[in-house]
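1. Just need the structure, nothing else, for what follows:
(2 chains)
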Amino acid sequence: KAGVTQTPRYLIKTRGQQVTLSCSPISGHRSVSWYQQTPGQGLQFLFEYFSETQRNKGNFPGRFSGRQFSNSRSEMNVSTLELGDSALYLCASSGLDTQYFGPGTRLTVL
Amino acid sequence: ILNVEQSPQSLHVQEGDSTNFTCSFPSSNFYALHWYRWETAKSPEALFVMTLNGDEKKKGRISATLNTKEGYSYLYIKGSQPEDSATYLCAFITGGGNKLTFGTGTQLKVEL
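-> Numbering: from 1, shown residues only, chains lettered A, B, ... in the order given. A predicted model of the protein is given here:
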């Protein structure tokens, strides 16, 4: 079974721009969650999508948004990028009880 | 606000040593406790999902226990090997989806 894939793996943007990250879950998984990892804050939950609906949301500003398509693929979007958005963004797809993580997208904001 | 704490923050052990880490979490509204191993430049790898008080799980040389009443879990590594070097993360779920609240991790370095 193929694992969780994320694209792109690396991204460099400038302040004020927007960015879209993509996540393809493991086949058959309907839940996709997104996490942000920064050196100071560790891994923090952004949001979870299940069957195209947002099921949970973390404490992030409205500049962070996401969506899920009918094939369970998910995208997250960050608008008006700030320097502090530089981070590793991980997505995870969930089967029965385990979350499987992708390799992440490393976003650098200059 | 849920707070998951892990100790120690980092650990250096010699090959062959046994070691253990602690994860503390709020005991109210408990649903599940996850353990992950995260090696540099790789994805976090799921080790255990624990749901019942008194649960003990084992995978090779690694095992974990859970006490939901007092809000802690221990992860044990027996006979540490250099390939065990990684950051070990625990994460807590209160239910209603897959929102994981992570601790800051224990960074383990196993030296020859």
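
2. And stretch A:23-42, what's buried?
-> Neighbour-count burial for stretch A:23-42 flags A:23-26, A:29, A:31-37, A:42 (criterion: 16 or more other CB atoms under 10 Å in any protein chain shown). Any C-beta I mention is one placed from the backbone N, CA and C, and that applies to glycine too.

3. Ok, stretch B:70-77 next?
-> B:71-73, B:75, B:77.

4. residues in contact with stretch A:5-17?
-> A:19, A:21-24, A:80-83, A:89-91, A:102-110 (CB atoms under 8 Å, 6 or more residues apart in numbering or on different chains).

5. can you tell me which of those residues are up against chain B?
-> Contacts with chain B are made by A:90, A:102-104 out of these, judged by CB under 8 Å from any CB of the partner chain.

6. Near chain A, which residues of chain B are found?
-> Counting by CB under 8 Å from any CB, chain B sits next to chain A at B:32, B:34, B:36, B:42-46, B:49, B:51, B:89, B:91, B:96-105.

7. Just the buried ones among those residues, please.
-> By 16+ other CB under 10 Å, the residues of chain B next to chain A give B:32, B:34, B:36, B:43-44, B:46, B:49, B:89, B:91, B:97-105 as buried.

8. can you pull the buried residues of the helix or strand hosting residue B:64?
-> Assigned by DSSP states H and E, residue B:64 falls within strand B:62-67. Applying a neighbour-count criterion of 16+ other CB under 10 Å, one finds B:62-66 buried in strand B:62-67.

9. cool, and stretch A:49-58?
-> Applying 16+ other CB under 10 Å to stretch A:49-58 flags A:49-50, A:55-56, A:58 as buried.

10. right, is it up against chain B?
-> Yes. Stretch A:49-58 lies within reach of chain B by CB under 8 Å from any CB, at A:50, A:55-56, A:58.

11. a markdown table for those residues, including pLDDT?
-> Listed next are the residues of stretch A:49-58 next to chain B as a markdown table, based on pLDDT from 0 to 100:
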| residue | pLDDT |
| --- | --- |
| A:50 | 95 |
| A:55 | 93 |
| A:56 | 92 |
| A:58 | 94 |
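
12. now the strands for the chain?
-> All of this refers to chain A. Assigned by DSSP state E, chain A shows strands spanning A:5-7, A:10-13, A:19-24, A:31-38, A:42-50, A:53-57, A:64-68, A:74-78, A:87-94, A:99-101, A:105-109.

13. switch to chain B, that's the one I care about
-> Under DSSP E, chain B gives strands at B:5-7, B:10-14, B:19-24, B:32-38, B:45-50, B:56-59, B:62-67, B:72-77, B:86-93, B:101-102, B:106-111.

14. Describe which strands the second one pairs with in its sheet and in which direction.
-> Spelled out, it's strand B:10-14. Within its sheet, strand B:10-14 is paired with strand B:106-111 (parallel), according to DSSP bridges.

15. CA atoms of the partner strand as PDB?
-> Coordinates of each C-alpha in strand B:106-111 appear next as PDB, following Å, rounded to 0.1, in the frame of the first residue of the first chain:
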ATOM      1  CA  THR B 106      12.300  13.100  24.200                       C
ATOM      2  CA  GLN B 107      15.300  13.100  22.000                       C
ATOM      3  CA  LEU B 108      17.300   9.900  22.400                       C
ATOM      4  CA  LYS B 109      20.900   9.400  21.300                       C
ATOM      5  CA  VAL B 110      22.400   5.900  21.600                       C
ATOM      6  CA  GLU B 111      26.100   5.900  21.400                       C
END
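
16. Great, nothing more from me.
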